[in-house]
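Q: Quick one, structure for this:
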Amino acid sequence: MQECIDYAATSQDEVCGLIIDDSHLFRCRNSHPEPMTHFRISDDDWLAAEEVGEITAVFHSHPQNQPGLSGADRKMQIATGLPWWLASSGKLHKFRPVPFLLGRRFEHGVMDCYTLFRDAYHLCGIDLPDFERNCGWWLRGENLYLKNMPVNGFRQVSTELAHPGDVIIRQPFDGADPCHAMILLDNNIVLHHDHTGHLSRREPMRPAFIKQTHSIWRHEQCSSLNLQAIYADISAKSS
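A: As a prediction, the model looks like this:
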């Protein structure tokens with residue numbers, strides 16, 4: 001919505017508003033005491049917006065070039081349960097209200113390693129499709145990861161060239177398809193969610209993970225991959 005971008009350009013402070021019926025910007029006053037780096041929408045503005053129509057998203061801007069949600073943004077987004085729209089550097093970014101990346105309970109096809117991988121990339125500004133996956137696909141030769149990575153903008157890179165943001169595909173079961181994805185972060189830390197009863201988490205790249213690594217993949221937009229959005233989400237969950 002061009003109106004959001006134009007509104008953001010009117011101030012060096014963060015501007016804010018509410019999206020009505022997915023199509024109309026209801027402008028609000030930023031009542032935060034530090035408006036250059038934060039925003040707050042008053043109860044009065046929220047109630048006034050509800051009189052106009054259904055609130056379908058929250059909008060604000062980042063005057064600096066910060067195209068991802070901050071930790072404070074993520075906390076409030078989850079509290080509202082709404083999509084958040086963000087204007088920064090003349091572009092509008094839209095974020096689904098995905099759960100925090102850490103601490104998720106595993107449910108195959110609903111909240112699993114691909115869900116985590118997809119949601120993390122979404123927060124970083126890259127949208128990937130969801131795909132249907134029935135339990136046991138890795139035993140039926142369906143090869144969902146290897147089929148979907150190339151058609152969604154990923155190319156395979158060598159282990160020696162891996163860097164933060166790359167996706168590691170593991171083959172944890174002998175005789176099965178590669179079926180587990182991990183995102184490589186700084187300092188050889190991986191973000192992942194497996195089926196072993198653990199919550200989604202960060203941990204060092206273990207020797208067992210290295211042994212089970214099938215391939216490493218990099219997205220075509222890797223130069224613009226904003227990993228700070230992942231770290232902001234992790235900080236929000238941890239604080």
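
Q: Counting by contacts, list what the stretch of helix or strand Ile78 belongs to packs against.
A: Using DSSP states H and E, Ile78 sits in helix 71-80. Identification of packing neighbours for helix 71-80 by 3 or more Cβ pairs under 8 Å, 6 or more residues apart in numbering; DSSP states H and E yields strand 55-61, strand 84-88, helix 228-238. C-beta here means a position set from N, CA and C on the backbone, and glycine is covered the same way.

Q: The first one to helix 71-80, inter-axis angle?
A: This points to strand 55-61. 170 degrees (axes from the mean of the first three to the mean of the last three Cα atoms, to 10 degrees).

Q: Okay, angle between strand 55-61 and strand 84-88 too, please.
A: Using the same axes, to 10 degrees: strand 55-61 against strand 84-88 is 20 degrees.

Q: try the last one
A: Direction vectors for helix 228-238 and strand 84-88, defined by the same axes, to 10 degrees, enclose an angle of 130 degrees.

Q: Give the buried residues for helix 228-238.
A: By neighbour count on 16 or more other Cβ atoms under 10 Å, the buried set for helix 228-238 is 228-230, 232-234, 236-237.

Q: I'd like to know which of those residues is nearest to Ser215.
A: If you rank these by distance to Ser215 using Cβ to Cβ, Ile230 comes first, at 21.3 Å.

Q: Just the local confidence number for that closest one, please.
A: The model reports Ile230 with a pLDDT of 96.

Q: quick one on the thing from earlier: distance to Pro99 for the helices and strands packed on helix 71-80 - can I get that in TSV?
A: What follows is the helices and strands packed on helix 71-80, written out as TSV (distance: least, Cβ to Cβ, whole Å):
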stretch	distance to Pro99
strand 55-61	17
strand 84-88	14
helix 228-238	9
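
Q: Out of the ones you listed, which is closest to Thr213?
A: Per Cβ to Cβ, nearest to Thr213 of the helices and strands packed on helix 71-80: helix 228-238, 20.5 Å.

Q: distance between that closest one and the chain's centre?
A: Centre-to-centre, helix 228-238 and its host chain are 10 Å apart (Cα atoms, centre = their mean, to the nearest Å).

Q: Validate this expectation: Gly17 resides in a strand.
A: Yes - under DSSP: H, G, I helix; E, B strand; the rest coil, Gly17 sits within a strand.

Q: Which residues are in contact with it?
A: 4, 7, 25-28, 41, 59-60 (Cβ atoms under 8 Å, 6 or more residues apart in numbering).

Q: Select from the residues you listed the one having the most neighbours.
A: Phe59 (27 neighbours; other Cβ atoms under 10 Å).

Q: helix or strand for the residue of the chain most remote from its centre, which one?
A: In terms of distance from the mean C-alpha position of the chain, Gly175 ranks first, at 32.1 Å (Cα atoms, centre = their mean). Using DSSP H and E, Gly175 maps to neither a helix nor a strand.

Q: same question, Glu51
A: helix 43-52.

Q: could the buried residues of helix 228-238 go into JSON lines alongside distance to Ser200?
A: Shown next, in JSON lines, are the buried residues of helix 228-238 (distance: Cβ to Cβ, whole Å):
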{"residue": "Gln228", "distance to Ser200": "19"}
{"residue": "Ala229", "distance to Ser200": "16"}
{"residue": "Ile230", "distance to Ser200": "12"}
{"residue": "Ala232", "distance to Ser200": "16"}
{"residue": "Asp233", "distance to Ser200": "11"}
{"residue": "Ile234", "distance to Ser200": "11"}
{"residue": "Ala236", "distance to Ser200": "14"}
{"residue": "Lys237", "distance to Ser200": "10"}
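
Q: Pick the one among those residues closest to Ile168.
A: Distances from Ile168 to the buried residues of helix 228-238, taken by Cβ to Cβ, are shortest for Ile230, at 14.9 Å.
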